[in-house]
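Participant: Give me a 3D structure for the following:
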Amino acid sequence: MAQVQVSSISCAPRRLLEAIAARYVADSLFRTPAVLGSLELLGNPTVLVNSVATGIYDFFALPATGAKEGTVIAHYIPRT
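Facilitator: Numbering: from 1, shown residues only. Predicted structure coming up:
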């Protein structure tokens, strides 16, 4: 979390506490996606999203490239 620095405070202690708490809550919410993306409970979700995005792109791009260049699409399919 980011450090909070204050100087020349001219407000009620309760208001200062609310402002600091709001800053830390906002900072926590801002960092939540990064924390969730790094969890590896069922695998890394960031890698999963990247793999799905690459797969969707390849699903459309590779056949289009093959049709444009006249190459065989099966050439791009890995053999397992």
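Participant: tell me the SS of V4?
Facilitator: The local conformation at V4, judged by DSSP: H, G, I helix; E, B strand; the rest coil, is coil.
Participant: burial of L48, as a residue count?
Facilitator: Counted with other Cβ atoms under 10 Å, residues neighbouring L48 total 12. To be clear about C-beta, it is placed using only N, CA and C from the backbone, and glycine gets the same treatment.
Participant: host element of the residue lying farthest from the centre of the chain?
Facilitator: Here the centre of the chain is the reference, and by Cα atoms, centre = their mean the most remote residue is S10, at 39.2 Å. Element membership for S10, per DSSP states H and E: none, as it lies in no helix or strand.
Participant: Quick check: the gap between it and L16.
Facilitator: According to Cβ to Cβ, to the nearest Å, S10 stands 10 Å off from L16.
Participant: cool, G55 as well?
Facilitator: Using Cβ to Cβ, one obtains 51 Å as the distance from G55 to L16.
Participant: tell me the domain ranges of this structure?
Facilitator: 1-38, 40-80 (automatic domain parsing).
Participant: and these as CSV, adding mean pLDDT?
Facilitator: Listed next are the domains of the chain as CSV, based on pLDDT from 0 to 100:
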stretch, mean pLDDT
domain 1-38, 81
domain 40-80, 74
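Participant: Since that was my last question, I'll sign off now.
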